[in-house]
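In: starting from these lines, generate the structure:
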Amino acid sequence: MKSPTNNIFLIGLMGAGKSTVGKVLAKKLGRRFLDADHVIEERCGVTIPLIFEMEGEVGFRKREAQAIRAITSENDIILATGGGAILLPENRQALSERGTVIYLHANPIELWHRTKGGEGRPLLRNGDAKQILENLYAIRSPLYREIADHVIETGTPSVNQLVNTLIMQLELSA
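Out: Next up, the predicted model:
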């Protein structure tokens with residue numbers, strides 16, 4: 001059962017536009033924007049890539065779960081999650097119970113074009129980035145869809161068009 005927090009949680013793979021859309025959406029709705037990765041970096045005092053290097057993905061996911069638990073207990077926020085936040089069942093539960101979940105969907109080829117040269121993306125460093133994104137998509141898209149209240153295609157519209165579409169979807173479901 002959803003709690004009446006007025007929270008909006010943006011989920012999707014890296015490069016889907018969660019942070020970009022989240023900032024514009026928060027401004028339009030007059031809410032505070034949080035980026036889970038930035039919150040983790042602030043708490044740890046180091047970058048996400050360094051956390052991955054020092055603690056591996058498992059260590060990072062533990063830190064991410066702590067941050068998600070804390071952030072989702074707030075009210076009236078827009079949160080851009082990390083792409084893998086939905087991997088842990090406790091994160092999916094917190095997100096789905098404590099706000100409206102929006103899956104910003106893009107296909108792996110679009111994501112590959114958007115993330116080329118992305119320095120802060122540790123999962124894309126070891127191998128063929130296009131293949132890695134296709135693999136991540138195959139694993140994660142069903143999990144995103146499992147908890148999404150809305151799925152928004154991020155293919156060709158501008159950020160403002162995406163945000164307006166998102167606001168209309170939210171109003172229709174209110």
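In: so what would you say the end-to-end distance of stretch 72-83 is?
Out: 16 Å (C-alpha to C-alpha, to the nearest Å).
In: what does that stretch contact?
Out: 5-14, 16, 18-19, 21-22, 25-26, 29, 31-37, 40, 48, 64, 68, 71, 91, 94-95, 98-99, 136, 140 (C-beta atoms under 8 Å, 6 or more residues apart in numbering). Where you see a C-beta, it was placed from the backbone N, CA and C, and this is true even at glycine.
In: show me what the helix ranked longest in the chain is packed against.
Out: Assignment by DSSP state H gives helix 48-71 as the longest helix of the chain. If you count contacts as 3 or more C-beta pairs under 8 Å, 6 or more residues apart in numbering; DSSP states H and E, helix 48-71 packs onto helix 36-44, helix 89-97.
In: gap between the first one and the chain center?
Out: Meaning helix 36-44. Here helix 36-44 is found 14 Å from its chain centre; the criterion is C-alpha atoms, centre = their mean, to the nearest Å.
In: buried residues in it?
Out: Using 16 or more other C-beta atoms under 10 Å as the test for burial, helix 36-44 gives 36, 37, 39, 40, 41, 44.
In: returning to what we had before: okay, the helices and strands packed on helix 48-71 in JSON lines with distance to residue 81 and mean pLDDT next?
Out: Formatted as JSON lines, the helices and strands packed on helix 48-71 follow (distance: least, C-beta to C-beta, whole Å; pLDDT from 0 to 100):
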{"stretch": "helix 36-44", "distance to residue 81": "5", "mean pLDDT": "94"}
{"stretch": "helix 89-97", "distance to residue 81": "7", "mean pLDDT": "97"}
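In: much appreciated, bye for now.
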